[in-house]
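**Q** Quick one, structure for this:
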Amino acid sequence: MKTILYATNCTDNDAHALKYAYRFSSILGANLHVLHVYNLPPIAFSTINPTGSLKKRMHEERMHLLEKYCKKHLKNEFHQNPITTHVVESDSVSASISRLSKVITPDLVIIGMKDSHSNRGYFAGNIANTLLDTITVPLLIVPNSLVYETISTIVYATDFEEVDILSLQKITEIAKPFSALIEVVHVYETDDYPANKYMERFKEAFLKDRAYPEIIFKTMASSSIKSGLLRVLNNEKASMLTMLERKHDWSFSNIFQKDLVKDMEMSLKIPLLVFNKHNKTFQNEGHEYFSENEMLSMP
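**A** Numbers count the residues shown, from 1 in each chain. Sure thing, here's the model as predicted:
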């Protein structure tokens, strides 16, 4: 992982997420880009000051604000690993993130979770929902109140799809620098569903040409997928939940509903890492990782 993009609204309530993004990127050895998106205030005195001059001054003020914000909350860490700052004037944070992502091509985008204290209202709520539908790189959603601690256990919720293996391959790249345990979990609701059989097949497919010593595979029956996942996270004292944004309409096991990722986001106190099943990166890498005989077959 070489480049990480983090978007902030430069409020004190967002400071923990900034520290998380900084320390997370430092341990991964990735370059951190920090983005701040702002709106121009209503200009009632444009006849005195030309609009172009006002925009330039506002941009400079916001650049100064962002740098001052990072220095204030990162303190001595600010000088240990350089960061790159970006300031954009726009009405849409999600669109600004998407545009900048096309320029700097990050391996990961980080934003704060939905927060009623933001001066944009629910800053990350709609942003996360929009990015989950459009972003072409993994999205890490971090609780704004989270105090950074090293990552010890990453839980991945699988539905036994081929693209799950590609997601897990990327998760191992994150887990290695932390020596973190990866716990692959499948939660199911139907008693007669052969979860163990499918998990064993999935495990064999993943481990066939890949090796990571700290990984385990589990299945769990639960009255609901959400409650089952929350129980796993609590029992394992997980540091991060990882999911795939699944938009399939087929009925293999019917366990992952379209909005489960967004529903889980509202209930979590740990970071949520989300991969988009339909992004082009996965589609291209699938040809590299899988031959026709290696594709998972789930009758």
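
**Q** could you say which helix or strand contains Ser96?
**A** helix 93-104 (DSSP states H and E).

**Q** cool, Met58 as well?
**A** Counting by DSSP H and E, Met58 is found in helix 51-74.

**Q** can I get the CA coordinates of that helix in CSV?
**A** Below are the C-alpha coordinates for helix 51-74, written out as CSV (Å, rounded to 0.1, in the frame of the first residue of the first chain):
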residue,chain,number,x,y,z
THR,A,51,-14.9,37.2,-7.0
GLY,A,52,-11.6,35.8,-8.3
SER,A,53,-9.7,37.6,-5.5
LEU,A,54,-12.1,36.4,-2.9
LYS,A,55,-11.8,32.8,-4.1
LYS,A,56,-8.0,33.0,-4.0
ARG,A,57,-7.9,34.4,-0.5
MET,A,58,-10.4,31.9,0.7
HIS,A,59,-8.3,29.1,-0.8
GLU,A,60,-5.2,30.4,0.9
GLU,A,61,-7.0,30.7,4.2
ARG,A,62,-8.3,27.2,4.0
MET,A,63,-4.8,25.8,3.1
HIS,A,64,-3.5,27.6,6.2
LEU,A,65,-6.3,26.3,8.3
LEU,A,66,-5.7,22.7,7.2
GLU,A,67,-2.0,22.8,7.9
LYS,A,68,-2.6,24.5,11.3
TYR,A,69,-5.2,21.8,12.1
CYS,A,70,-2.9,18.9,11.2
LYS,A,71,0.0,20.4,13.2
LYS,A,72,-2.3,21.1,16.2
HIS,A,73,-3.6,17.6,16.5
LEU,A,74,-0.6,15.5,15.3
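
**Q** Just the buried residues of whichever helix or strand comes after it, please?
**A** Next helix or strand after helix 51-74 toward the C-terminus (DSSP H and E): strand 83-89. Buried residues in strand 83-89, counted by 16 or more other CB atoms under 10 Å: 83, 85-88. The C-beta positions use only the backbone N, C-alpha and C, and glycine is treated the same way.
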